[in-house]
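Engineer: What shape does this take:
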Amino acid sequence: MKPLDDLLPLERDPYLIKVQNHFSDLLNQVIYYGTNIVELDTKVKREGKDNNVPTLFLRNILEISDSISILIRNSSIEPSKILLRSLIENSLSLAYMLEKNEKQRALS
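Structural biologist: Here you go, the predicted model:
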């Protein structure tokens, strides 16, 4: 049985491949920058075991972004939308936590 190209085309347009690869490369550059931030953040001496929550949020954001980049490069756009929602939620949660009372909000 052969696949139906109308439902799931296996052959992609070369221009579309170029655009997807470019977008994925741009997203990877943001991820690489974020990994440097995580590295700098982990070198900071913090007191207490619960002070690494913002770093864990940032690491999760980077992992989700990396997953989205891989999906875009492979033309799996619809599944990346689900991850995009998680990425937005994690980003907003991190921003809320860092806004004020960071220690209190991290413990919550």
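Engineer: Please name the nearest non-neighbouring residue to V30.
Structural biologist: Using C-beta to C-beta, 6 or more residues apart in numbering and skipping the chain neighbours, the partner closest in space to V30 is S65 (6.9 Å). Just so you know, the C-beta spots here come from the backbone N, C-alpha and C atoms, and that holds for glycine as well.
Engineer: so that neighbour touches L27, yeah?
Structural biologist: Yes. The pair S65 / L27 is scored as a contact, 6.2 Å apart, by C-beta atoms under 8 Å.
Engineer: Between those two, which is the more surrounded one?
Structural biologist: When neighbours are counted by other C-beta atoms under 10 Å, S65 and L27 differ, and S65 comes out ahead with 20 against 17.
Engineer: Who are the contact partners of that one?
Structural biologist: Residues near S65 by C-beta atoms under 8 Å, 6 or more residues apart in numbering: L27, V30, I31, G34, L87.
Engineer: Turn the residues you listed into CSV, columns for distance to D6, pLDDT and secondary structure.
Structural biologist: Shown next, in CSV, are the contacts of S65 (distance: C-beta to C-beta, whole Å; pLDDT from 0 to 100; DSSP: H, G, I helix; E, B strand; the rest coil):
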residue, distance to D6, pLDDT, secondary structure
L27, 29, 95, helix
V30, 35, 95, helix
I31, 34, 95, helix
G34, 39, 93, helix
L87, 31, 95, helix
